[in-house]
Each structure stands twice: as structure tokens, then as C-alpha cells.
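> fold the stuff below for me.
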Amino acid sequence: MFFFLLASVCALFSLVFAVPIHSLVTRDVWVPPILSPNASTVWTVGGTYTVTWNTTSKPVNVTNSQGMVYLRINNETQSTPLAQGFPLTAGQVNVTVPAGTQPSNEWIVVRNLW
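As a prediction, the model looks like this:
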């Protein structure tokens, strides 16, 4: 009986100390839509191009303020970003298509994969 009582008290204290002390902060994840490139855009390996996105719908508390841009094909994303560490509020970033990128009409540009 004593062991059961001791275990119950320990469990109660565990629950009390497991409650977060700080309140949660409101966070907004912002994923502005890409304007260019679009379906009719043609890029070539080694070329430098500008990726642009719409910045008019920016929420008040942006928690993902730094961007990354990747090339993606058939649900496979290149491991190295074309650009990273730029502010999403800039609305654009220049990227260079890396050597070794295979030609295809299926490539898409994706930003911030989280």
C-alpha cells in the first residue's frame, strides 16, 4: 500500500512539473506564392535567373523569415539549394542552374521545404 501511495505521489509531481511554464507564442509560417518562373519559363544549365514571389500577404509574426530555393522533379528535390539565407520580404532572389542538371520539362522551383 505504501509503495502504491508513493508511486501515485511521484506520478502527480511528474505531471505538475511537465506543464509548460511559458505561454506559447503565436507563430505564422509564410509561404508566398511564386510568380516566376512559371510553366512557360525556360532555363538553361549555367544560366542565372530571378525567382520572384508575391509579398503582399505577409502576416504580422513571420517565423520563417529566411528563404531557400530548390529545384524539384518527380517528388525528388536537389540536395543543394539554388539560394538560401535571403529575406522572404525581398520578393526575389537570383539563382544559377547548376552544372549537371538534366534537361526536362518537369522541373519546378520550390521554396522553404519545411
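> which residues touch Gly91?
Taking Cβ atoms under 8 Å, 6 or more residues apart in numbering, we find Gly91 in contact with 32, 52-55. Every C-beta, even on glycine, is put in place using the N, C-alpha and C of the backbone.
> quick check on Thr89: phi, psi?
In terms of degrees, to the nearest 10, the main-chain angles of Thr89 are phi -70, psi -10.
> can you tell me the closest non-neighbouring residue to it?
Excluding the flanking residues, the one nearest Thr89 by Cβ to Cβ, 6 or more residues apart in numbering is Thr55, at 5.9 Å.
> can you tell me how far that neighbour sits from Asp28?
14 Å (Cβ to Cβ, to the nearest Å).
> repeat that for Trp43.
31 Å.
> then Tyr70?
Distance of Tyr70 to Asp28, computed by Cβ to Cβ: 22 Å.
> quick one, which of these two is more surrounded?
Shown here are Tyr70 and Asp28; by other Cβ atoms under 10 Å, Tyr70 has more neighbours (19 against 11).
> pretty sure Val29 is touching Asn64, no?
Yes. Counting by Cβ atoms under 8 Å, Asn64 is a contact partner of Val29 at 5.5 Å.
> on the strand side of things, show who Val109 bridges to.
On the basis of DSSP bridges, Val109 is bridged to Leu71.
> what's near enough to touch it?
34, 37, 51, 69-72, 82.
> what is the nearest of those to Asn94?
Relative to Asn94, the closest of the contacts of Val109 is Val51; by Cβ to Cβ it sits at 7.8 Å.
> before we move on, back to that, mind putting the contacts of Val109 into CSV with pLDDT and distance to Ile108?
Output for the contacts of Val109, formatted as CSV (pLDDT from 0 to 100; distance: Cβ to Cβ, whole Å):
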residue, pLDDT, distance to Ile108
Ile34, 91, 9
Pro37, 93, 9
Val51, 95, 11
Val69, 91, 11
Tyr70, 91, 9
Leu71, 91, 8
Arg72, 90, 5
Leu82, 93, 12
